[in-house]
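Novice: Sequence below, structure please.
(chains A and B)
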Amino acid sequence: MRNLTQYLLAIVLISIGGILLGAVGLALGGVATGLLVNSGKRGFLLSSIIAALFWLVAAIIKTTSGQSPQLLTLAGSLANLSGAQAWLLVIVSSVIAFLAGGLGGWLGGNLRQMSSNRA
Amino acid sequence: MRKVLQVFLPAILLTGYLILIHRPLGSLPPFAKFFDPLRGFLQPAAGFSHASSVEMTMPALKGSVKILLDRRGVPHVFAERVEDLPAAVGYLHACERLFQMELIVRSIKGRLAEVVGARALPSDQFFLENGFRDAADRAMQAADRSHPAYRALENYTAGVNAFIDQLSPADYPLEFKLLNFTPSRWEPQNSSYLLKYMARQLAWYGSELAFDRLRANFSAEILQELFPVETTCPAPIYPGLFSSSSFRSSFEDLHGLCLKASLQTKTFDDRDAADAPLIGSNNWAVGAAKSASGHSILANDPHLSHAFPNYWYEVDLHAPGLDVYGMTLPGSPDVVIGFNKNIAWGATNCGWDVLDYYRIDVDSVKQTAVIEGQTEPLQISAEKIPVKDRAPEAIKIRWSRIGPVVKRDGVDYAMRWTGHLSGGEWRVFYDMNRAKNFSDFTAALKNYGAPAQNFVYIDRTGNVGMYSAGWMPVKTAALSLAHGEASDPAQAWPGSPRADQILQTPSPNGFVPFEKLPHAFNPPEGFVESANQKPTPDHYPIFYNWNFEAPYRGMRIRELLSADRKISIDDMKAAQLDAHSVVARILTPLILQAFANDGQASATLATALDSLRAWDYDFRVSRVAPTIYHNFCERFKQEIWAKRFQSASGATYMYPPRRVLLALAQNQPDSKWFDDPQTAEKENLSARLRHIFSASLDSLQREFGPDLRQWQYGRYHQLHASHLLQLPGFGLAPQPRDGEDFTLNVAGGRKVTHGPSMRLVVEMSEPIRGYIVNFGGQSGHPGAPHYQDQIDEWLAGKYFPIRFASRPEDLAKEEIEETVTLKP
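Specialist: Got it, this is the predicted structure:
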């Protein structure tokens, strides 16, 4: 139950961070998640996965509506990616989020651990 | 220590990573911004939301404005107060074309390299050194700020900035995200930059330096023969110019003096363009008597380079005292080509030589120059061009009394160009949009300076007219055929005593007075036309260029309109799409004649000749004959001139105009110019035609295979159109394209990159009937629904009916895509 609450909180924090501040927000959300889970390793894993999934889901939702499918194709053509290959850009986007969230989570977890040990 | 490291290591890595992904990597935008799905490339630019109804406030407004966007994204704008229309247009332009507007302004200001990088430096240097920005700034400083047209520019500015102010970085058009910069705020003088940009596109002709290079390598006799001043045009725009007795008498005393002066030939232009396709256009109109409906009808298709977005943005504007429909240029509030409730108008380019170079002796230490015998100081400003990711580039901009001082081939020249002068262009279209008759129309044109245009006119009462408006310098052909000497006072314009002498009347600024510019009103033939050919018949006494766009499109228009029948809207549309070549009609029989006695023709040759024999000279994508003819023509021109007009170092001189080659082929088949200088035998036209035609077939066989049925013109001749930044994928895949250089549906060269930027046909009936198609679409945002939504219709030669709605209620619900209400 405690884990589930942590996961939900992490999802909310990272998502809000990402919505408000982009990659910096994902990292800050990651830091908060790390503080929450009290472990650098778990902070990294949880935050990186949530951040990557958040940008992935956001990109998928985007590309199913409005002009974004065309924009994905156009951006793909800039990188010489044709057709379905353009989705590689969404993967790149997820990787960027993965690292931002993960590094944040690692930092947060270690910070919490250090402060706990001092106490 | 280990614990400290446990915190510092991720902190340092995180900070480094965040810095890394927020900085541009070489030419790539910052990854953090670009790949953010909520802010980056997947987030569409702020534009119309395509929600059914949107309301927003714009403090600059005095009343409310209702904008109904139709299914093509054309705004039908209804303002409570007429002074709010420019603000609404500014808002719409910014909404759909912000990057295009920014790009034009940055081009003229020499600030492209700041956002694009060093590859744009040559462009920035060109525009700054050649005085575009300074001239545009001066033009706006000289503008009458109390004139309502200037206030309209200010309101337009407010509209553009109202849109920019509401943008967040996530809303920026994709190009801003890619180049990683923010939109600049708009200023009234930016509209002046747009005018100078168009003048650069349309009036930057001056052949003298190319002639200078020719003169250094070829005899005067050769130049006289191959580069003759075009005196007689078979189809001038104004064939009956002197049938009006009052116009004739105004010139009678001047005729001898001026013509004599004009033929003191020296000449040539900076674009080396005698043979290159000029950016031209078609317009024509029939009066009530010639019209099948009894109402005058106008057609206009301006030929410009094809790009996305296109130059034009279509609007339908209504307010108390003003109802106007047509094409605007993003960056300026008025309709440039279109109609109101009383008149319709269009434009084609005049192609006058209004750019002259004067060799000038510059003392670079004292920063002075000798002009008309006097040593005068030069105005020199040292500036720095900001360059992205690099130190700024220093530049010196030099101005003399004549104009900017530039270096060409290591020599200093002062340049005189009408585009550098301050005129009243900023108010011309404001006045024209409100014109009610020919008198109002010409009154508006009196303020027009550059780029000179042939303005076509029709009105509600069935009248038809044409006026070639702009600054036409009074000068001799000498200034067109060779550079002038800044030290010689007799050569200078404007303000030259020579101008008054030639005109025998005071000539403000050394230009032909407006009343003496070529024009026609209700000519006896019942129609007017222009296709960039020489406007005037032989005896027009003013010299204004040595060479014009070839007259064949004009001849074809006259052929179609002169037929003994009345003209309908459908006829006008068909003429705009006409792919019949007058030149092919002249040249093809000569090719066939060259093979008349050739009994040993190969199967390929025989089939190709049969194909030409059966051809109706229409350049349609499904035909084979146009491929054979076009490929031959390209080779023919090249084979005849390349060996003679190429220096040992490989530099190519300007080729003789095409009218000269065609005249030689028609009238002098044994001319020495048909002899191949690299063979011992002496060839004539027939021998060269046979040889070049056979070589041309060989090359087509290599490219398309031996089966001639596979040589359809559409596989050979294709349209290429890219995005303004040449971004791959943002343009259009090559498309089969009808037409050639000399067809009304113009499509020059094999790789077609310019042509009709839009097609408009308007009949001044009650209600007004109009048809239009824009190259591309209304939106400048790649991926947006209206970015390329008209291209299929444009390619297929289809039109959209114009909805000139006087009231919002005139538009049916199903016609409306979105409603935007702007409130003060």
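Novice: Can I get stretch B:451-461 in CSV, CA atoms only?
Specialist: The C-alpha trace of stretch B:451-461 is given here as CSV (Å, rounded to 0.1, in the frame of the first residue of the first chain):
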residue,chain,number,x,y,z
PRO,B,451,8.9,48.0,-58.7
ALA,B,452,7.3,49.3,-61.9
GLN,B,453,4.1,47.3,-62.8
ASN,B,454,1.6,47.1,-65.5
PHE,B,455,-1.6,47.6,-63.6
VAL,B,456,-4.7,46.2,-65.3
TYR,B,457,-8.1,47.6,-64.5
ILE,B,458,-11.8,46.9,-65.0
ASP,B,459,-14.9,48.4,-63.4
ARG,B,460,-18.6,48.0,-62.7
THR,B,461,-19.5,50.1,-65.7
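Novice: A:Tyr7 looks like it's in a helix, true?
Specialist: Yes. Applying DSSP: H, G, I helix; E, B strand; the rest coil, one finds A:Tyr7 inside a helix.
Novice: So, low pLDDT: which residues of chain B?
Specialist: For chain B, the stretches with pLDDT under 70 are B:46-52, B:244-279, B:476-480, B:487-509, B:599.
Novice: Leaving out sequence neighbours, find the closest residue to the residue nearest the centre of it.
Specialist: Centroid-nearest residue in chain B, with Cα atoms, centre = their mean: B:Leu304, separated by 4.3 Å. Counting by Cβ to Cβ, 6 or more residues apart in numbering or on different chains, B:Leu304 lies nearest to B:Ser757, which is 4.1 Å off, once chain neighbours are set aside. Yep, even glycine has a C-beta here, placed from its N, CA and C like the rest.
Novice: for B:Pro239, same thing?
Specialist: Using Cβ to Cβ, 6+ apart and skipping residues adjacent in sequence, the residue nearest B:Pro239 is B:Pro537, 6.0 Å away.
Novice: So that neighbour: helix, strand or coil?
Specialist: Three-state call for B:Pro537 (three-state DSSP): coil.
Novice: coming back round to it: quick one: residues contacting the residue nearest to B:Leu304.
Specialist: By Cβ atoms under 8 Å, 6 or more residues apart in numbering or on different chains, the contact list for B:Ser757 reads B:301-304, B:306, B:310-312, B:774-775.
Novice: Return a selection command, for use in ChimeraX, containing the buried ones of these.
Specialist: Selection of buried members from the contacts of B:Ser757 for ChimeraX, criterion 16 or more other Cβ atoms under 10 Å in any protein chain shown:
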select /B:301,302,303,304,306,310,311,312,774,775
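Novice: Export the contacts of B:Ser757 to TSV and append columns for secondary structure.
Specialist: TSV is the format used below for those (three-state DSSP):
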residue	secondary structure
B:Asp301	strand
B:Pro302	strand
B:His303	strand
B:Leu304	strand
B:His306	coil
B:Asn310	coil
B:Tyr311	coil
B:Trp312	coil
B:Asn774	strand
B:Phe775	coil
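Novice: Report the separation between B:Glu230 and B:Gln43.
Specialist: For B:Glu230, the distance to B:Gln43 equals 55 Å [Cβ to Cβ, to the nearest Å].
Novice: The two - which one has more neighbours?
Specialist: When B:Glu230 and B:Gln43 are compared for neighbours, B:Gln43 comes out ahead with 22 against 17, by other Cβ atoms under 10 Å in any protein chain shown.
Novice: Now do the phi/psi pair for that one.
Specialist: Torsion angles at B:Gln43 (phi, psi; degrees, to the nearest 10) stand at phi -90, psi 110.
Novice: Was I right to think it contacts B:Leu167?
Specialist: No. If you go by Cβ atoms under 8 Å, B:Gln43 and B:Leu167 don't touch, sitting 11.8 Å apart.
Novice: so B:Leu317 is in which element?
Specialist: Applying DSSP states H and E as the criterion places B:Leu317 in strand B:313-319.
Novice: need the contact list for the residue of chain A found nearest chain B.
Specialist: Closest residue of chain A to chain B, Cβ to the nearest Cβ: A:Ser77 (2.3 Å). With contact set as Cβ under 8 Å, 6+ apart, A:Ser77 has these partners: A:86, B:727-730.
Novice: Only the buried residues of whichever strand or helix holds it, if you could.
Specialist: In this assignment (DSSP H and E), A:Ser77 forms part of helix A:68-78. Buried residues in helix A:68-78, counted by 16+ other Cβ under 10 Å: A:68, A:70-78.
Novice: same question, stretch B:441-452
Specialist: Neighbour counts over stretch B:441-452 (16+ other Cβ under 10 Å) mark B:441-442, B:444-445, B:447-452 as buried.
Novice: Tell me the one among those residues nearest to chain A.
Specialist: Here the nearest of these to chain A, counting by Cβ to the nearest Cβ, is B:Pro451; it sits at 33.7 Å.
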